[in-house]
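> what would the 3D arrangement of this be:
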Amino acid sequence: MQDVNIDWRLCADKHSLSRFRPLAMAFEFGLFFIGALFWVEARLQGDAFSADIYGNLALLLPAEFWAALMMAAAAITINGLIKPIHHRRVAIGSCLQLANFAALAYSAAFAGGEFVIAVFASVMFVTPHIWLAFEGLRNDAK
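Numbers count the residues shown, from 1 in each chain. Next up is the predicted model:
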């Protein structure tokens, strides 16, 4: 079995956004699809968004708002990732996703929701969008 060494400097390379563009696009397409499903469930059932799971802070806005924000931010990020890469669009879409998932994580952790939802949103969604926003902002100045 070969020894696999991961060079973490690849993530800090100035071309890392174009290198990981297909992965980022697949991730954002997935988020758009999840947002669409969440929108449909919120419109049809109405109980898709409860304070027991997401916390009271998240319920200040309707579930359709959170789903629309997720879809809009994913669409902006996808549009920015289409070649040639538009770094400012990637940064704007990523920052919107970052704000969306950070707010949901905060609400779940500190406003009466499930803590596991906060951890999941923070680890799985906030972290990659921090990197995407950083890459979009860092390369936008060029």
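> all helices for this protein, in order.
16-19, 21-44, 51-54, 63-81, 87-110, 115-121, 127-140 (DSSP state H).
> now mean neighbour count too, for those helices, in TSV please.
In this view, the C-beta of every residue, glycine as well, is placed from N, C-alpha and C. TSV is the format used below for those (neighbours: other CB atoms under 10 Å):
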stretch	mean neighbour count
helix 16-19	16
helix 21-44	16
helix 51-54	16
helix 63-81	20
helix 87-110	21
helix 115-121	16
helix 127-140	19
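> mean pLDDT added to those, as JSON lines?
Below are the helices of the chain laid out as JSON lines (pLDDT from 0 to 100):
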{"stretch": "helix 16-19", "mean pLDDT": "83"}
{"stretch": "helix 21-44", "mean pLDDT": "93"}
{"stretch": "helix 51-54", "mean pLDDT": "86"}
{"stretch": "helix 63-81", "mean pLDDT": "95"}
{"stretch": "helix 87-110", "mean pLDDT": "94"}
{"stretch": "helix 115-121", "mean pLDDT": "91"}
{"stretch": "helix 127-140", "mean pLDDT": "88"}
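> surely His86 and Gly80 touch.
Yes - with contact defined as CB atoms under 8 Å, His86 reaches Gly80; the gap is 4.5 Å.
> now do the contacts for Met124.
In this structure, Met124 makes contact with no residue, judged by CB atoms under 8 Å, 6 or more residues apart in numbering.
> any idea how far Asp47 is from it?
Counting by CB to CB, to the nearest Å, the gap from Met124 to Asp47 is 24 Å.
> and the contacts of stretch 87-101?
17, 28, 31, 66, 69-70, 72-81, 121-122, 125-126, 129-130, 132-133, 135-137, 139-140, 142.
> hmm, 6 Å instead?
The set of residues external to stretch 87-101 that reach it, using CB atoms under 6 Å, 6 or more residues apart in numbering, is 69-70, 73, 76-77, 79-80, 121, 125-126, 129, 132-133, 136-137, 139-140.
> His87 versus Glu41, what's the distance?
Plainly put, Glu41 is 34 Å away from His87 if you go by CB to CB.
> ah, wrong one, I meant Ala102
21 Å.
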